[in-house]
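In: how would this look folded up:
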Amino acid sequence: MTHSRRILLTMTIGISICILDTTVMSIALPAMQSGLHTDLAHLSWALNIYTILFACLTIPLGRIADIYGRERLYLVGLSLFFLGSIASGLAPTVGFLIAGRALQSVGAAIVFPASMTIGIQSTSLASRTQAIALLGVTQGLAAAFGPTIGGVLTQYFGWRTIFLINLPLALAALGLCLHLLDWHHTGGQHETLDIPGALTSMLALFSLSLLLIKGNGWG
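Out: Model prediction:
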């Protein structure tokens, strides 16, 4: 297997765990509600916070990674996702779970766009269409199988495993990245972050995501 192919497959791990965690909780909510002794209204925010932050932070954090080095920010994102998964899996209260999910989401907002860019740029122009297709299929499968995986893990191993299962995957991705990626790349030396634009996009995406998720419930 070529070096570029190994990098591309490594990027599918990061994409898988980021997208998987957008849907993996849905089937486990009743078990989590019982285990944390909380109501569905509060618990739903553990699901919503991930989706909302992921949506509104992906573009600005992806841009920051472009400026300061995708490989370095990718490592930071995986580390945050790893820590958020531990916090979520071991959460004693629903508030702690929501905080863990928020940390997961910040990590995912770094990992997801960086995975796409690193994976695509690691391949030759002739193979780029196949790389995009593989990364796209990975996203679709992770989202589609999230509820099924969550249900199986919850039924046989407990709801906490839907978060703890991320740990070996994130560690594997970290180890492979340290071995495969070029850590001398520092991003665009003369590029700058459009702060007003970033804040505007974050506000717009936050508002849209919140509306889509809670608009009906709030009337």
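In: from here on, just use CA atoms for contacts and neighbour counts.
Out: Will do.
In: and residue 51, what does it touch?
Out: The neighbours of residue 51, taking CA atoms under 8 Å, 6 or more residues apart in numbering as the test, are 22, 105, 209.
In: most neighbours out of these, which is it?
Out: Counting neighbours by other CA atoms under 10 Å, residue 105 comes out on top of the contacts of residue 51 with 29 neighbours.
In: host element of that one?
Out: Per DSSP states H and E: residue 105 is located in helix 94-121.
In: next one: that helix to chain centre, how far?
Out: The chain centroid and the centroid of helix 94-121 are separated by 3 Å, computed with CA atoms, centre = their mean, to the nearest Å.
In: equivalent analysis for stretch 57-64, please.
Out: With CA atoms, centre = their mean, you get 13 Å for stretch 57-64.
In: list of residues touching that stretch?
Out: 106, 109-110, 112-114, 193, 198, 201-202.
In: follow-up on the earlier one: run through the neighbouring helices and strands of the next helix or strand after the helix holding residue 105.
Out: Next helix or strand after helix 94-121 toward the C-terminus (DSSP H and E): helix 128-157. Contacts defined by 3 or more CA pairs under 8 Å, 6 or more residues apart in numbering; DSSP states H and E place helix 128-157 against helix 3-23, helix 94-121, helix 161-164.
In: would you list those in CSV and tack on mean pLDDT and distance to residue 174?
Out: Formatted as CSV, the helices and strands packed on helix 128-157 follow (pLDDT from 0 to 100; distance: least, CA to CA, whole Å):
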stretch, mean pLDDT, distance to residue 174
helix 3-23, 92, 9
helix 94-121, 94, 11
helix 161-164, 96, 16
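In: now render these as TSV, adding distance to residue 139.
Out: Conversion of the helices and strands packed on helix 128-157 to TSV gives the following (distance: least, CA to CA, whole Å):
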stretch	distance to residue 139
helix 3-23	6
helix 94-121	10
helix 161-164	18
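In: pLDDT weak spots in this structure?
Out: Judged by pLDDT under 70, the chain has its weakly predicted residues at 183-191.
In: ok, and the closest non-adjacent residue to residue 192?
Out: Nearest non-adjacent residue to residue 192, counting by CA to CA, 6 or more residues apart in numbering: residue 67, 6.9 Å away.
In: next one: the helix or strand hosting the one you found to chain centre, how far?
Out: Using DSSP H and E, residue 67 falls within helix 40-68. When C-alpha coordinates are averaged (CA atoms, centre = their mean), helix 40-68 and its chain have centres 8 Å apart.
In: which of the contacts of stretch 57-64 count as buried?
Out: Burial by neighbour count, judged by 16 or more other CA atoms under 10 Å, picks out 106, 109-110, 112-114, 198, 201-202 from these.
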